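> quick one, what's the 3D model for this:
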Amino acid sequence: MGKGNGTRMTLLVRIFGVCELLIFSQTVLKSYIFSILVLCLISCSDLIAQDFPRDTSYTLQSAYQKYVKNYPDIELVDQKLENEVTIQKDIVFKNTGQRNLQLDLYSPRQNSEIKPGVLIVHGGGWISGNKSMMKQISMRLASEGYVAVAVEYRLSPEAQYPAAIYDVKSALKWMRDHSEKYQINRDKIAIMGTSAGGQIAALVANTQNKSKFEDPADTSKASTTIQALIDIDGVLAFIHPVSEEGRVASLWLGGDQQEAQETWIEASALSHVNKDSPPTLFIGSAYPRFLAGREEMTVALNKHGIYNETHLLEQAPHSFWLFHPWFETTMEHVTSFLEVTLKNK
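Model prediction:
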């Protein structure tokens, strides 16, 4: 039992002790105390069931503190769009057998038409980060007429590759299975990811309907095809001359390049480009290593006649999408690309 669970169990024991004394000394309060105790047990049991290993090192604030030293003019994005969009948080889309996975859904307010969907995958080196970091991007997309879905997936402290791929594909299936309820056009769904989320998004988009990359426990028969891909600073080839993926990737992929070479290759989107790969947008920072494999992937997409764009923000740090002055430029590229490849297609 983890430290967190042990602490909760100690708390429960103390609650039992106090309640026992009260019950014997104040018989009038028996039923009242019993009701409170039951509620407490239910709450604590739910917390224990949902407890899992997690790393909270990558947050909006930690990213800001990291970059503000070299970019003193940066600002976290804080759009005031809540009145323009409908936000539904923590919708359960999957149970892993140990816990529920959730997603946040952002949609245009007062719009009854079906809309293209965008599945959004957060970054954090496959070890940290969470779906709430995608709030600003999601709200902007919803305000532009898309249903944006920010997804939770299992990170390496909880489960290694391919669990995250399974989870994101399950979320994609969920979007199609619930397309009528949430007014999503099931034939127009894009996937967008940042950093590690970009790598995951690219792999999901290029392994469409391949059973090896889908959770065997997922009973949905919905398609996992993607109509457009947006990869923001997400590696496309783990083994590549400009790639610098090391310990963090090894934790997720189950070993280093030598120990898990086949997995490193399999988890690279570049290994799976095909004639059915979707139109693709690459947005990169000043560091080519984060989009390692992009040039080769562009060649492969062009060979198959697949539309693609690349925009490099040569002065931008990694995680640029979280901050002004790069957020607006990023979203202009994203919405322009989606207009061409998804909304008006």
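
> show me where the chain has strands.
Counting by DSSP state E, the chain has these strands, from start to end: 75-76, 85-95, 100-108, 115-121, 147-151, 184-194, 228-232, 280-284, 308-312, 323-324.

> out of the ones you listed, nearest to Asn302?
Among those, the nearest to Asn302 by Cβ to Cβ is strand 308-312 (7.2 Å). No exception for glycine: its C-beta is placed from N, CA and C like everyone else's.

> still on that earlier bit, tabulate the strands of the chain (JSON lines), appending distance to Trp174.
Shown next, in JSON lines, are the strands of the chain (distance: least, Cβ to Cβ, whole Å):
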{"stretch": "strand 75-76", "distance to Trp174": "30"}
{"stretch": "strand 85-95", "distance to Trp174": "4"}
{"stretch": "strand 100-108", "distance to Trp174": "8"}
{"stretch": "strand 115-121", "distance to Trp174": "9"}
{"stretch": "strand 147-151", "distance to Trp174": "8"}
{"stretch": "strand 184-194", "distance to Trp174": "10"}
{"stretch": "strand 228-232", "distance to Trp174": "19"}
{"stretch": "strand 280-284", "distance to Trp174": "23"}
{"stretch": "strand 308-312", "distance to Trp174": "28"}
{"stretch": "strand 323-324", "distance to Trp174": "31"}
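
> need the ones you listed in CSV (columns: distance to His272, mean pLDDT and mean neighbour count).
Shown next, in CSV, are those (distance: least, Cβ to Cβ, whole Å; pLDDT from 0 to 100; neighbours: other Cβ atoms under 10 Å):
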stretch, distance to His272, mean pLDDT, mean neighbour count
strand 75-76, 35, 97, 14
strand 85-95, 23, 97, 16
strand 100-108, 24, 97, 21
strand 115-121, 17, 98, 27
strand 147-151, 20, 98, 29
strand 184-194, 14, 98, 24
strand 228-232, 12, 98, 29
strand 280-284, 12, 98, 25
strand 308-312, 15, 98, 16
strand 323-324, 32, 98, 18
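
> just tell me which of those ends up closest to Ala222.
strand 184-194 (8.0 Å).

> phi, psi for the closest residue to Glu245 other than its chain neighbours please.
Leaving aside its sequence neighbours, Glu245 sits nearest to Phe238 (Cβ to Cβ, 6 or more residues apart in numbering; 5.3 Å). Backbone geometry at Phe238, expressed as degrees, to the nearest 10, gives phi -70, psi -40.

> how about stretch 209-216: buried residues?
213-215 (16 or more other Cβ atoms under 10 Å).

> kindly apply the preceding question to stretch 156-171 instead.
Across stretch 156-171, burial judged by 16+ other Cβ under 10 Å covers 156, 158-171.

> straight-line length of that stretch, end to end?
Stretch 156-171 stretches 18 Å from its first residue to its last (Cα to Cα, to the nearest Å).

> low-confidence ranges, the protein, go.
For the chain, residues meeting the criterion pLDDT under 70 lie at 1-50.

> the helices in it, which residues?
With DSSP state H as the criterion, the chain has helices at 3-25, 30-50, 60-67, 135-143, 163-177, 196-206, 247-253, 261-266, 294-303, 327-338.

> please give me every residue in contact with His318.
195, 233, 285, 287, 290 (Cβ atoms under 8 Å, 6 or more residues apart in numbering).

> narrow those residues to those that are buried.
195, 233, 285, 290.

> widest-spaced pair of those residues?
The distance between the two most remote of those (Cβ to Cβ) is 9.5 Å, for Ser195 and Ser285.

> overlap of the contact sets of the two?
Listed as contacting both Ser195 and Ser285 by Cβ under 8 Å, 6+ apart are 233, 318.

> that concludes my questions; thank you for your assistance.
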